[in-house]
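> pasting the structure only:
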């Protein structure tokens, strides 16, 4: 594990695979996850290495081995996106392919909107039409992280996130703050200005993401792949997800 500093916070990351090839993929994990659980254990490190692709993955602030402030203001989406750009600067990466899942997809999209010339290909996993909905101010996820007894959490989806956080021994108060962090709505006009190739990958049973078509329609030339039988949690390790991403990188995906 390596570390660097962004906004005064220590951020942990991995840098593996060939160092001198032309392709580097930066991976951004989802909420309650981390670089090891979200990407390495799901087979992505090995899959990228087999393709001779350099793989860089960070623990987002509040997660994994990175610093975990307990103030919601620390988790503004723009600030978290700056961590990704700061990692690129730290490693001297001028241009990368960028892939995020769920929360990580939101951050990857924020980076692409802010630094479009530095992103070769953009993969957004676990997000769909619901990404375009305005923030609701719903605090139930934060309350689920703060609950003393996870059995008292009535919503099955929230309970799943809480159990996952507990399994990863994550800092629940940091996750609650992250959930409460301000997130600006995604503007359709901004999406229309994206010019890099974009792939959206969603499980067919992923109700958290919603239908990918509204998001794909808002991004010029974007493509969508729906993974049959997958929900929000089972899509990440799926072989069809990896196949779609590599076909996309190699220009074979219609």
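Perfect, I can see it now. Computed from a prediction, not measured in an experiment: that's the story for all the values here.
> My guess is residue 177 contacts residue 61. True?
No - Residue 177 lies out of contact with residue 61 (Cβ atoms under 8 Å); the separation is 10.0 Å. For every residue, glycine as well, the C-beta is placed using N, CA and C.
> quick one: common contacting residues for the two?
Counting by Cβ atoms under 8 Å, 6 or more residues apart in numbering, the contacts common to residue 177 and residue 61 are 69, 74-75.
> Neighbour-wise, which one of these leads?
In terms of neighbours by other Cβ atoms under 10 Å, the shared contacts of residue 177 and residue 61 top out with residue 75 at 22 neighbours.
> pretty sure that one is touching residue 178, no?
Yes - counting by Cβ under 8 Å, residue 75 does reach residue 178; the two are 4.4 Å apart.
> Which residues are in contact with each of those two?
Shared contacts of residue 75 and residue 178, defined by Cβ under 8 Å, 6+ apart, are found at 61-62.
> Residue 36 belongs to a strand, doesn't it?
No - counting by DSSP: H, G, I helix; E, B strand; the rest coil, residue 36 falls outside a strand, being helix.
> Enumerate the positions of the helix or strand where residue 214 lies that are buried.
Element membership of residue 214, judged by DSSP states H and E, is helix 213-218. Across helix 213-218, burial judged by 16 or more other Cβ atoms under 10 Å covers 215-216, 218.
> Need phi/psi at the residue most central in space within the chain.
Closest to where the C-alpha atoms of the chain average out (Cα atoms, centre = their mean) is residue 104, at 1.6 Å. For residue 104, the backbone dihedrals (degrees, to the nearest 10) come out as phi -60, psi -30.
> ok, it touching residue 29?
Yes - with contact defined as Cβ under 8 Å, residue 104 reaches residue 29; the gap is 5.0 Å.
> what about the residue lying closest to the residue nearest to the centre of the chain once chain neighbours are set aside, how many neighbours?
Nearest residue to residue 104 in three dimensions, chain neighbours excluded: residue 28, at 3.4 Å (Cβ to Cβ, 6 or more residues apart in numbering). Using other Cβ under 10 Å, residue 28 has 31 other residues around it.
> Give me the common contacts of residue 104 and residue 29.
Shared contacts of residue 104 and residue 29, defined by Cβ under 8 Å, 6+ apart, are found at 38, 60.
> picking that back up, and the buried residues of helix 213-218 as JSON lines, adding pLDDT and distance to residue 159?
Shown next, in JSON lines, are those (pLDDT from 0 to 100; distance: Cβ to Cβ, whole Å):
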{"residue": "215", "pLDDT": "96", "distance to residue 159": "27"}
{"residue": "216", "pLDDT": "97", "distance to residue 159": "31"}
{"residue": "218", "pLDDT": "96", "distance to residue 159": "32"}
